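In: have a look at this fold, sequence not included:
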């Protein structure tokens, strides 16, 4: 053992005695011993051997962790929420600050490594992990601070939506932040950012005042309307194509803590009635009403349902009139609609998205609700004892549609809703038949869609990815060429450099 390593080990032993268990473990993991060269792959999937000394130098430079296969914490870090994704990075960096992210990005760029970035791990296609590349796991880089005077939230890049909601609502301030609180802020925001308040305040990305981002050259850059405006434009809809956002500045809005929200549940055999009602109800809704429709078919039939979810954040005195049309559907099996704490409502769907099964999803935007589409959706959801199937609408419109298409990189401003269909099956069983079913089912819905939500993207052909950015694609290619000419950040809805 060399002198430096001996001293580090001695310091670690002393630190361990003084720190709580979790902190002590982090301190020890930060001194990862690299026993030999590390075999990895580049972004082009060619093999590359990483010299032991170089990997050790990276480990020593971090305040966070460098994890190699076999290290404690490696298996937890490499996994994402879709348990059918089972990939093994050659090395995992868990940064605790910006300097660690810069070190990891520089190391990966110099060696052209395949690079995955994990925040909440919600990518259905598993793009936040990889085989034999580097994964940067941001789970130790979470923090949110609210300045109530300027109505601004400063959010670290690895934070979850629940962190933002909790801190902001403590001051009776909000911004659009998804519908599942364990979603990563970075992934949601950079691709769009729908949520229960999006019709009132715009997408999450519409509320971004500025970001700080580590680009492919390892530099920390600030992007706002006045600083690197091309990058500011691109990150708002271009996903993770341009770097790793280390800090978001969100515009917050005053809002009361109590909203009217919950679910109205009907039997699944009423799916067609529920969807037709939803189509009319959603299109006539005021901006401060958000509503979704969901169909669920479970393996046993228990829990199968057609339901409507609502969140009304407007004046409480007007809620009865706004929600009165729901009575047209008749008596539900169950209803939880009533006054509810907004942060609690934001957490209410957390258990509907545990991702502890194998899962496959397809998604798209719809600009209307034609009867033929509703018939295809209601008629194609097939009960099966081996799988669960869900179809859902996520409402858009309102403030989302009033932002010009060219104002941000996100092009799907005219949509009435996003629609998703997914199926899940137990880990260990063959997912092939269920994926085949979902693809066939989606083929009856896809003709009614106009593009898809990149945050729900799978592995679409590159031509389809390009087309999905619509008229903003040429400008996105130029931004990509400027900030990531080598396409280091490619595990996303990828934009090839111009």
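Out: Structure's in. What do you need? Please read all numbers here as calculations on a predicted model, not as lab measurements. Numbers count the residues shown, from 1 in each chain.

In: let me know how buried residue 464 is, in neighbour terms.
Out: Taking other Cβ atoms under 10 Å as the neighbour definition, residue 464 ends up with a count of 12. For glycine as for every other residue, the C-beta is placed from the backbone atoms N, C-alpha and C.

In: can you pull out the strands in the stretch 301-450 of the chain?
Out: Counting by DSSP state E, counting those that start in this stretch, the stretch 301-450 of the chain has these strands, from start to end: 305-312, 334-335, 338-341, 358-366, 388-395, 417-425.

In: could I get these as TSV with distance to residue 188, mean neighbour count and mean pLDDT?
Out: Supplementary listing: the strands of the stretch 301-450 of the chain in TSV, determined by distance: least, Cβ to Cβ, whole Å; neighbours: other Cβ atoms under 10 Å; pLDDT from 0 to 100:
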stretch	distance to residue 188	mean neighbour count	mean pLDDT
strand 305-312	17	24	97
strand 334-335	28	13	96
strand 338-341	21	13	97
strand 358-366	14	22	93
strand 388-395	12	23	96
strand 417-425	13	24	94
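
In: now these as a markdown table including distance to residue 248?
Out: Written out in a markdown table, the entries for the strands of the stretch 301-450 of the chain read as follows (distance: least, Cβ to Cβ, whole Å):
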| stretch | distance to residue 248 |
| --- | --- |
| strand 305-312 | 23 |
| strand 334-335 | 36 |
| strand 338-341 | 24 |
| strand 358-366 | 24 |
| strand 388-395 | 22 |
| strand 417-425 | 22 |
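
In: mind checking which of those strands is nearest residue 326?
Out: Comparing the strands of the stretch 301-450 of the chain by their distance to residue 326 (Cβ to Cβ), the top pick is strand 305-312, with 7.0 Å.

In: and the angle from the closest one to strand 388-395?
Out: Direction vectors for strand 305-312 and strand 388-395, defined by axes from the mean of the first three to the mean of the last three Cα atoms, to 10 degrees, enclose an angle of 30 degrees.

In: tell me the gap between strand 305-312 and the middle of its chain.
Out: For strand 305-312, the gap between its own C-alpha mean and the chain's C-alpha mean amounts to 22 Å (Cα atoms, centre = their mean, to the nearest Å).

In: which other helices and strands contact it?
Out: The elements that strand 305-312 packs onto, with contact taken as 3 or more Cβ pairs under 8 Å, 6 or more residues apart in numbering; DSSP states H and E, are strand 258-266, helix 271-283, strand 289-297, helix 319-323.

In: right, so the ones you listed: which one is the most enclosed?
Out: Per-stretch averages of neighbours, counted by mean count of other Cβ atoms under 10 Å, single out strand 289-297 among those, with a mean of 23.

In: what pairs with that strand, and is each one parallel or antiparallel?
Out: Strand partners for strand 289-297, identified by DSSP bridges, are recorded as strand 305-312 (antiparallel), strand 388-395 (antiparallel).

In: now these as TSV including distance to residue 279?
Out: Putting the strands paired with strand 289-297 into TSV (distance: least, Cβ to Cβ, whole Å) gives the following:
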stretch	distance to residue 279
strand 305-312	11
strand 388-395	9
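
In: circling back to that earlier point, nearest to residue 130, of the strands of the stretch 301-450 of the chain?
Out: Each of the strands of the stretch 301-450 of the chain has some distance to residue 130 by Cβ to Cβ; the shortest is strand 358-366, at 18.4 Å.

In: helices or strands up against the closest one?
Out: Packing partners of strand 358-366 (3+ Cβ pairs under 8 Å, 6+ apart): strand 417-425, helix 432-445.

In: can you list contacts of the last one?
Out: Counting by Cβ atoms under 8 Å, 6 or more residues apart in numbering, helix 432-445 makes contact with 358, 360-362, 364, 373, 376-377, 380-382, 384, 386-387, 389, 419, 421-425, all of which sit outside it.

In: tell me how far the closest residue in space to residue 98 that isn't next to it in sequence lies from residue 129.
Out: The spatially closest residue to residue 98, leaving aside those adjacent along the chain, is residue 246, at 4.9 Å (Cβ to Cβ, 6 or more residues apart in numbering). Residue 246 sits at a distance of 20 Å from residue 129 (criterion: Cβ to Cβ, to the nearest Å).

In: also residue 41?
Out: For residue 41, the distance to residue 129 equals 14 Å [Cβ to Cβ].

In: if you count what's nearby, which of those two comes out ahead?
Out: Ranked by neighbour count (other Cβ under 10 Å), residue 41 and residue 129 place residue 129 first, with 25 against 18.

In: quick one: residues contacting the more buried one.
Out: Going by Cβ under 8 Å, 6+ apart, residue 129 touches 78, 79, 80, 85, 87, 89, 116, 118, 121, 135.

In: surely residue 260 meets residue 326?
Out: No - counting by Cβ atoms under 8 Å, no contact exists between residue 260 and residue 326, whose distance comes to 11.3 Å.

In: so residue 126: helix, strand or coil?
Out: Three-state call for residue 126 (DSSP: H, G, I helix; E, B strand; the rest coil): coil.

In: what sits closest to it if chain neighbours are left out?
Out: Going by Cβ to Cβ, 6+ apart, residue 126 has residue 85 as its nearest residue, at 3.3 Å.

In: next: residue 43.
Out: Excluding the flanking residues, the one nearest residue 43 by Cβ to Cβ, 6+ apart is residue 114, at 5.0 Å.
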